[in-house]
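K.L.:
Here is a sequence with its predicted model. Questions after.
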Amino acid sequence: GFDWSLVAGLSGHGVPVLVAGGLKPSNVAEAVRATRPYGVDVASGVESAPGIKDMDAVRAFVRAAKSINLWE
């Protein structure tokens, strides 16, 4: 996977970071805890086929993102 430490320090210095690319329900928590971004973007990580969003995957992604505890 991606080395989140490459961007981890940016958020702490007031640089608004958006994390995107390769995010899915199973890794969004790790990405957010590691980078403390301003926001996240998801596209193919919630698709059942190219260009087709899977609503169960979208719901799972939102649940995973909302349940993140930054103080763990």
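P.N.:
Structure's in. What do you need? Numbers count the residues shown, from 1 in each chain.

K.L.:
For the rest of this, base every contact and every neighbour count on C-alpha atoms.
P.N.:
Noted.

K.L.:
Residue 20 against residue 42, yeah?
P.N.:
Yes. Judged on C-alpha atoms under 8 Å, residue 20 makes contact with residue 42 at a distance of 6.3 Å.

K.L.:
List the contacts of the helix of greatest length in the chain.
P.N.:
Identified as the longest helix of the chain according to DSSP state H is helix 55-66. Helix 55-66 has contacts (C-alpha atoms under 8 Å, 6 or more residues apart in numbering) with 24, 25, 26, 28, 29, 46, 47.

K.L.:
among these, which ones are buried?
P.N.:
By neighbour count, with 16 or more other C-alpha atoms under 10 Å, the contacts of helix 55-66 hold 24, 25, 28, 29, 46, 47 as buried.

K.L.:
ok, the nearest residue to the first one once chain neighbours are set aside to residue 21 distance?
P.N.:
If I follow you right, that is residue 24. Leaving aside its sequence neighbours, residue 24 sits nearest to residue 45 (C-alpha to C-alpha, 6 or more residues apart in numbering; 4.4 Å). Counting by C-alpha to C-alpha, to the nearest Å, the gap from residue 45 to residue 21 is 8 Å.

K.L.:
Name the residue in these two with the higher neighbour count.
P.N.:
Using other C-alpha atoms under 10 Å, the more surrounded residue of residue 45 and residue 21 is residue 45, with 20 against 12.

K.L.:
so what's the more buried one up against?
P.N.:
Applying C-alpha under 8 Å, 6+ apart, the residues contacting residue 45 are 22, 23, 24, 25.

K.L.:
for those, which one is nearest residue 15?
P.N.:
residue 23 (20.4 Å; C-alpha to C-alpha).
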